[in-house]
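> pasting the sequence and the predicted coordinates here, then a few questions.
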Amino acid sequence: MGFDSTRRGFLGLGAMGAAALMTGANARAQGVATSARIVIIGAGAAGTALANRLIERLEGASITIIDPRREHLYQPGLSLVAAGLKPASYVVSQTADWLPSGVTLIAEKAAAIDPVAKTVATESGEVMAYDFLVVAPGLVLDHEAIEGFSLDMVGQNGIGALYGGPDHAARTWQAASKFAEEGGVGLFTRPATEMKCAGAPLKHTFLIEDIASRGGAAGKYEMHYAAPQPVLFSVPIVAEKVRMLFGERGIATHMGQKLKSIDPGRRIATFESSSTDASGAVSVTSSEMKWDYLHVIPPQRAPEVIRQSGLSWADKWTDQGWVECDMKTLRHLRYPEIFALGDVAGVPKGKTAASVKWQVPVVEDHLVAAIQGREGTQTYDGYTSCPMITRVGRAMLVEFDYHNNLVPSFPGLIAPLEELWISWLMKEVALKATYNAMLRGRA
Amino acid sequence: MQELTFTTLIAVLQEMFGSGLFWTLVVVAVLVTLAYLYVLLRDRAVSWRKFLWAQVAMPIGAVAAVVFVQTITSSGLRDIGGPIDVVVLLAVAAMGAIGAAILVYTLQSLLRPPLKPSGRR
């Protein structure tokens, strides 16, 4: 009797679960019928999330996504790999696994965009016409801009470069862990250009300092942070907090210093700093610093195809080529059927996955509205988030917008400028899950 | 975070554990709870002797839950940084304690049902 009732309970429960799943599938809103041809360049966080949402919203649209990369990278995890907290495989998955059926993936590089004829050509010469184009190819790392540096050096001679990808992040940890055991001079840099996740250079500095302070290097190391910018972070209130933390942790700062070249054999890095005197004349001075561990982050730019197709700003970021778009709607200012998403967008903030999470619904709204012949209503206000790791086990959940205002998700509960365990737990446990849910268009 | 709806939460939790493990955990939690309710209804009384053992299991469950969370997140007690962290720590411990108590009580009741059900004296 008892057994029976338990089994019946179990079966009932299973039926309930199945019913819940079915209603979930049936609850989908009726899609907007259209025969629009939509081309998305890039199957990274932005392109994939948008493709999954558009498939749900549209009925009959032809959606093509162009990206040669077989592997999808969970880039927020690279900082953890470079600190030995996660294996390289933690950030790697397959591009095709995230894409919904009904989307055509062309595993090639986009070679040319003609915004007047409204076509995209791939490397093999295939030409696709579009009604709407979403450019989300990410950005390129310009390693060659740093004289004497190449990616194959990572892991040797105390050189790290975690932006290079999962393997380079793992090799970065090889170099960094040696420093954390043996000590010496740690030198951490960042580029003069816009960059993805501007908090990452700081996180890496904090993490390696923390690990060194607990490791064999305790008491035998010094930390230096050198950056071309005048301040440590673009949001003033966060910059001040980081300045105080750097002070407490004994991390020396060298502002206005741009990494120009490195000499791996002698372990000497050369920096340039420019200053303007009263007459307006600019003078450039160079200085050298030695390292036992050096972290390199190269300048970052829009991919060649974007810069050559005339989509970039003509008067802003001219050396970087970000897409000229409205900062609220991400719509191209000269070609209304083109949208920019993610790293490539020429907006003042937001080269992070958190920004993408907020940008994608806005572009989706305006794109679907355009198909229906009306105006979209959603706007993006520059939201971005940075779980600023300050040590293994603690982070500050910093969230802000275009106006440098802090916009905490949990006001009164999780203080944005406090080093907290709960913020670390979020980064460690919830962030990748949220990211994956976003890729599937469900968060 | 833009909006935290129940469906978003379920989606995030599914990604965290993997869909299979997540629903397995949900089913296990529901089954243990149902089994607990079942033995309470069957026995029509709380057995204070069993409850005593369940209470003994509580601190063990609390510590186990905290150690589990700290291990999977490479963190420790020194990382407690503010009041909210203490709240989270206590919540994790409380969940571990209550879970262990319910589990131990239910297992005892299922394995060793009362000789004379209190209902028919």
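Cool, the structure landed.
> contacts, neighbours, all on C-alpha from now
Noted.
> tell me where the stretch 51-200 of chain A has helices.
Under the criterion DSSP state H, counting those that start in this stretch, the stretch 51-200 of chain A contains helices at A:78-81, A:95-98, A:166-182, A:200-214.
> closest residue of the stretch 251-400 of chain A to chain B?
A:G393 (4.6 Å; CA to the nearest CA).
> tally of neighbours for that residue?
The number of residues packed near A:G393 is 26, by other CA atoms under 10 Å in any protein chain shown.
> what's near enough to touch it?
Residues near A:G393 by CA atoms under 8 Å, 6 or more residues apart in numbering or on different chains: A:421, A:424-425, B:73-76, B:79.
> what's the answer for A:V323, then?
Residues in contact with A:V323, defined by CA under 8 Å, 6+ apart, are A:302, A:306, A:311-313, A:332, A:340, A:344-346.
> go again using 6 Å as the cut-off
Applying CA atoms under 6 Å, 6 or more residues apart in numbering or on different chains to A:V323 gives the contacts A:311-313, A:345-346.
> pLDDT value on A:V235, please?
As predicted, A:V235 sits at a pLDDT of 96.
> and it, how many neighbours?
17.
> phi and psi next, for it.
phi -90, psi 120 (degrees, to the nearest 10).
> got the phi and psi for the residue lying closest to it once chain neighbours are set aside?
Of all residues not flanking A:V235 in the chain, A:N404 sits nearest, at 5.2 Å (CA to CA, 6 or more residues apart in numbering or on different chains). A:N404 adopts backbone torsions of phi 60, psi 20, taken as degrees, to the nearest 10.
> A:K109 too?
The phi/psi pair for A:K109 (degrees, to the nearest 10) is phi -90, psi 140.
> give me the local confidence score for it.
A:K109 carries a pLDDT score of 96 in this model.
> wait, what's in contact with it?
A:K109 sits in contact with A:67-68, A:122-123, where contact means CA under 6 Å, 6+ apart.
> in contact with the residue most central in space within chain A, which residues?
Nearest to the geometric centre of chain A sits A:T352, at 3.6 Å (CA atoms, centre = their mean). Counting by CA under 6 Å, 6+ apart, A:T352 makes contact with A:196-197.
> let's see that with 10 Å instead.
Shown in contact with A:T352 (CA atoms under 10 Å, 6 or more residues apart in numbering or on different chains): A:45-46, A:75-76, A:195-199, A:342-343, A:383-386.
> between which two of those residues is the distance greatest?
Across the contacts of A:T352, the longest distance by CA to CA is 19.7 Å; it joins A:A46 and A:G199.
> rewinding a little: quick one: pLDDT of the residue of the stretch 251-400 of chain A closest to chain B?
96.
> same check on A:S283?
Residue-level pLDDT assigned to A:S283 equals 89.
> again, but for B:K116
As predicted, B:K116 sits at a pLDDT of 59.
> against A:A212, how distant is the residue of the stretch 251-400 of chain A closest to chain B?
15 Å (CA to CA, to the nearest Å).
> start to end distance for stretch A:297-312?
Note: stretch A:297-312 ends 23 Å apart using CA to CA.
> average model confidence for it?
96.
> hmm, back to that, now do the phi/psi pair for the residue nearest to the centre of chain A.
phi -140, psi 160.
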